[in-house]
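# here you go, sequence then predicted model.
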Amino acid sequence: MPSRARAFALALALALAAPASGCSAGPPSTADFFAMDTVMSITAYGEGAGEAVRDAERRIRELDKLWSVGDPESEISRVNGGGDAPSEETGEILLEAERVREMTGGAFDERVYALSEAWGFYSGEYSVPGADELKKLLGNKDKIDLGAIAKGYASDETAALLRGAGIESAIINLGGNVFALGSKPGGGAWNVAVRDPLDSSKHVGSLKLRDRAAVTSGGYERYFEENGVRYHHIIDPRTGYPADSGLASVTVVSENGTLADGLSTGLFVLGKERAIGLWRENMELFDLVLVENDGTVTVTDGLEKSFSSGRGASVAGPGAGIIGVFKGGELLHAADLGAVSEPYDFDAGGKNIVRIAPGEAYMLSAECRDQICVRHSALRGGGYGAEGPVVCLPNSVVIKYIDKLP
């Protein structure tokens, strides 16, 4: 586990610009404390802020006692030992973890306890497991570690508690998991610095945020070296080895701190292209700042106006996307909408004609009672599907995004 000094350095690396002096909100109420194996800080402004901040600290400590894998008396340790069924609250965060696991196709997995333990990231007795041991451990999903999502959940709980106490201006920094509540006193957005994963003394840029969480994951946080090779703590649940995706860090910005926390880990494992692809399917949920191993910075276009950087950053736009036409679960046709220059029609059978056009796809058949036009934004927003960006059409014909052309 990281030392307190290292955790404090991480918190400082994601420091926030202080509010202007002389503002009308009065002096801040601040709590600095150590929980969930990291240094945390909550600063709030307004009447009743002192009591609200103290309540927030107590709430975070309650969650830490529930979910600390390092505490043999914690609820999660007892659950992992087969002694207890999860409480209602633990059940809630497990459902959130399952949601992120499904979104990322297993790149995030809260059931990596056995793998992290084998690498020594709990005990500090680091070693590289053998291939046979890892192969055996990949099937061991009996124990849970909520460390990659718990601080995000705690930030959401803290923000809700402060809002409930009437606080409209606060900054919550839970070991680098930052939640900007409202605006700074005086009305400006909070400035959240994004640490340079290649040089801890620098930042790649800063974000102007209101009512958003910003969570960063990277291999620079915890690692060890053996025989000249560096092994970091973010394990790819699909291989058992530390993720090697070409990314040095991922920052997820979202209204939902729990989602941002889990996704920052999962998208780090997936790598740049798949991370951007998942964002394109869920643009209403989150945005990204991606830093590659060579220092290249990419932001998604929802952050174009709020992110500033002296080194420059490329912007990933929504793109037209690749869609597939399915019937009964079978892929009948696929098309890159960005590469379509002229409209054409695809016969999906049963009088279902799909019009494929630049940037859009929709049902053309006159047999269709509901003329559902499936444009790119509608697909991204979920359309009429219950499981993401899917629009179900008559006779079980479905149009949805796919990762790549077959």
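That came through, no problem. Numbering: from 1, shown residues only.

# for the rest of this, base every contact and every neighbour count on C-alpha atoms.
OK.

# which residues touch Glu157?
Contacts for Glu157 (C-alpha atoms under 8 Å, 6 or more residues apart in numbering) come out as Arg59.

# what about the helix or strand encompassing it, distance to the chain center?
Using DSSP states H and E, Glu157 sits in helix 150-164. Centroid displacement of helix 150-164 relative to its chain, using C-alpha atoms, centre = their mean, to the nearest Å, is 16 Å.

# can you name the element that comes right after that helix?
strand 169-174.

# contact partners of that following strand?
With C-alpha under 8 Å, 6+ apart as the criterion, strand 169-174 contacts 11, 38-46, 151, 155, 158-159, 178-185, 190.

# which ones are touching Ile167?
By C-alpha under 8 Å, 6+ apart, the contact list for Ile167 reads Ala44, Tyr45, Gly46, Glu47, Gly48, Ala49.

# just the pLDDT at His355, thanks.
Careful, residue 355 is Arg; it's not His. The per-residue pLDDT reported for Arg355 equals 85.

# wait, Lys404
Note on Lys404: pLDDT of 77.

# identify the residue nearest it in space, chain neighbours excluded?
Among residues not flanking Lys404 along the chain, Ile322 sits closest, at 6.5 Å (C-alpha to C-alpha, 6 or more residues apart in numbering).

# that neighbour - how many residues pack around it?
Counted with other C-alpha atoms under 10 Å, residues neighbouring Ile322 total 20.

# same question, Asp336
A total of 21 residues lie near Asp336 under the criterion other C-alpha under 10 Å.

# so it sits against Gly319, correct?
No. Judged on C-alpha atoms under 8 Å, Asp336 makes no contact with Gly319 at a distance of 9.9 Å.

# where does the residue nearest the centre of the chain fall, secondary structure wise?
The residue lying closest to the centre of the chain (C-alpha atoms, centre = their mean) is Leu263, at 2.3 Å. Using DSSP H and E, Leu263 sits in helix 257-270.

# how about Ala114?
Ala114 is part of helix 113-119, with elements assigned from DSSP H and E.

# for Val39, same thing?
Remark: Val39 resides in strand 38-45, with elements defined by DSSP H and E.

# which helices and strands does that strand pack with?
Packing partners of strand 38-45 (3 or more C-alpha pairs under 8 Å, 6 or more residues apart in numbering; DSSP states H and E): helix 4-13, strand 29-35, helix 49-67, strand 169-174.

# any chance of JSON lines for these, columns mean neighbour count and distance to Leu285?
As requested, the helices and strands packed on strand 38-45 are exported to JSON lines (neighbours: other C-alpha atoms under 10 Å; distance: least, C-alpha to C-alpha, whole Å):
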{"stretch": "helix 4-13", "mean neighbour count": "17", "distance to Leu285": "25"}
{"stretch": "strand 29-35", "mean neighbour count": "16", "distance to Leu285": "28"}
{"stretch": "helix 49-67", "mean neighbour count": "19", "distance to Leu285": "25"}
{"stretch": "strand 169-174", "mean neighbour count": "26", "distance to Leu285": "20"}
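
# can I get these in CSV including mean pLDDT?
As requested, these are exported to CSV (pLDDT from 0 to 100):
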stretch, mean pLDDT
helix 4-13, 41
strand 29-35, 97
helix 49-67, 97
strand 169-174, 98
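
# next, format those as TSV and append distance to Thr239.
Formatted as TSV, those follow (distance: least, C-alpha to C-alpha, whole Å):
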stretch	distance to Thr239
helix 4-13	28
strand 29-35	30
helix 49-67	25
strand 169-174	29
